[in-house]
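J.: when you get a sec, could you give me coordinates for this:
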Amino acid sequence: GHGRSGVPGGSAYSLDHLAADLDAVLAAVLRRGERAVVAGHSMGGIAISAWSDRFRHRVEQRVDAVALINTTTGDLLDKIQLLPVPGMFRSTRVAAARTMIRSLGGAPLVQGTQPGSRLFLELMAVGAGADPTITRFLHELFAATPAAGRGAWARVLVDEMGPRAHIDLSGLTVPTLVIGSTNDRLLPMSQARKIAEAAPNLVELVEMPGGHCAILEHPGDVNGHLRELVRATALAQRISS
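T.: You can find the predicted model right below:
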């Protein structure tokens with residue numbers, strides 16, 4: 001339901017489908033004997049993690065390294081930092097996060113500060129002081145994506161990653177770069193640290209300033225780390241051969 005893809009029925013949205021889609025893309029684009037370096041931001045990182053769990057027998061066949069950026073493997077509802085809520089009111093915070101994600105996912109475009117508005121996206125997606133053009137760009141993406149697709153994925157995130165245990169990363173045995181942001185309200189730095197602890201082959205945990213969209217707020221720094229990952233991967237391949 002994103003970009004030029006069709007918007008299927010609600011039953012076609014799940015982490016299993018997300019993992020299978022990534023596996024299909026890798027199968028289609030890689031020549032015989034080739035492997036990829038795959039980077040995923042937010043839901044893209046979830047796709048990589050889900051794929052490594054469900055298709056672990058193909059991880060080292062198709063991938064040389066991965067980068068997981070501003071993403072999570074679980075506890076989605078408990079970690080969102082929209083408003084400070086004392087620990088004793090955890091259930092209230094989780095319920096509010098569930099409502100917020102569902103509302104944002106399928107929300108029409110509106111004015112003001114409610115889900116679907118530019119101000120709300122700015123609050124959730126970027127850090128203080130970010131270039132206003134980033135928020136405008138994100139809002140354009142939001143507007144261009146059918147509400148049915150956004151809403152369906154929001155339900156998947158809430159239902160499969162809110163109350164459930166973390167995605168098992170034990171199958172992600174290739175070198176893994178993890179990037180998080182200090183002021184990410186949606187998927188805070190604690191999520192990146194959790195991933196780094198669970199990754200079997202961690203290359204580096206990078207903590208960046210800013211909000212949820214490090215790839216837009218600090219593209220030069222993110223690209224620098226990605227280039228280094230590719231360079232190190234290529235060097236390791238030459239040494240091993």
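J.: which helix or strand in the chain has the lowest average pLDDT?
T.: helix 90-106 (a mean of 58; mean pLDDT, DSSP states H and E).
J.: next secondary structure after that one?
T.: Sequence-wise, the next helix or strand downstream of helix 90-106 (DSSP states H and E) is helix 118-125.
J.: so what secondary structure elements neighbour that following helix?
T.: Packing contacts for helix 118-125, counted by 3 or more Cβ pairs under 8 Å, 6 or more residues apart in numbering; DSSP states H and E, involve helix 132-144. Placement of C-beta: from N, CA and C, glycine included.
J.: which residue is nearest the middle of the protein?
T.: In the chain, the C-alpha nearest the mean C-alpha coordinate belongs to S42, at 1.5 Å (Cα atoms, centre = their mean).
J.: report pLDDT for it.
T.: Note for S42: predicted pLDDT of 94.
J.: N223 versus that one, what's the distance?
T.: 17 Å (Cβ to Cβ, to the nearest Å).
J.: kindly report the same for L121.
T.: Applying Cβ to Cβ to L121 and N223 gives a distance of 23 Å.
J.: now L202
T.: With distances taken as Cβ to Cβ, L202 is found 20 Å from N223.
J.: and for D168?
T.: From D168 over to N223 the distance is 30 Å, taken as Cβ to Cβ.
J.: have a look at the two and say which one is more surrounded.
T.: D168 (16 against 12; other Cβ atoms under 10 Å).
J.: quick check: closest non-adjacent residue to the more buried one.
T.: D53 (4.9 Å; Cβ to Cβ, 6 or more residues apart in numbering).
J.: residues in contact with the residue nearest to A36 when sequence neighbours are not counted?
T.: Leaving out its chain neighbours, the residue that sits closest to A36 by Cβ to Cβ, 6+ apart is V63, at 5.6 Å. Taking Cβ atoms under 8 Å, 6 or more residues apart in numbering, we find V63 in contact with 26, 35-38, 174.
J.: cool, A47 as well?
T.: 18-19, 21-22, 40.
J.: and it, which helix or strand is it part of?
T.: Short version, using DSSP H and E: A47 is in helix 43-54.
J.: buried residues in that helix, which are they?
T.: 44-54 (16 or more other Cβ atoms under 10 Å).
J.: ok, of those residues, which one's closest to L187?
T.: When the buried residues of helix 43-54 are ranked by distance to L187 (Cβ to Cβ), G45 comes first, at 8.7 Å.
J.: so where is the chain shaky, pLDDT-wise?
T.: Counting by pLDDT under 70, the chain shows low-confidence ranges at 10, 77-118, 163-165, 241.
J.: show me where it has strands.
T.: Under the criterion DSSP state E, the chain contains strands at 36-41, 63-69, 176-181, 202-208.
J.: any chance of those in a markdown table, with distance to P188 too?
T.: Below are the strands of the chain laid out as a markdown table (distance: least, Cβ to Cβ, whole Å):
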| stretch | distance to P188 |
| --- | --- |
| strand 36-41 | 15 |
| strand 63-69 | 14 |
| strand 176-181 | 8 |
| strand 202-208 | 11 |
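J.: could you point out which of these sits nearest T135?
T.: For T135, the closest of those is strand 176-181, at 15.5 Å, according to Cβ to Cβ.
J.: which strands or helices does that closest one pack on?
T.: strand 63-69, helix 189-198, strand 202-208, helix 214-217, helix 219-240.
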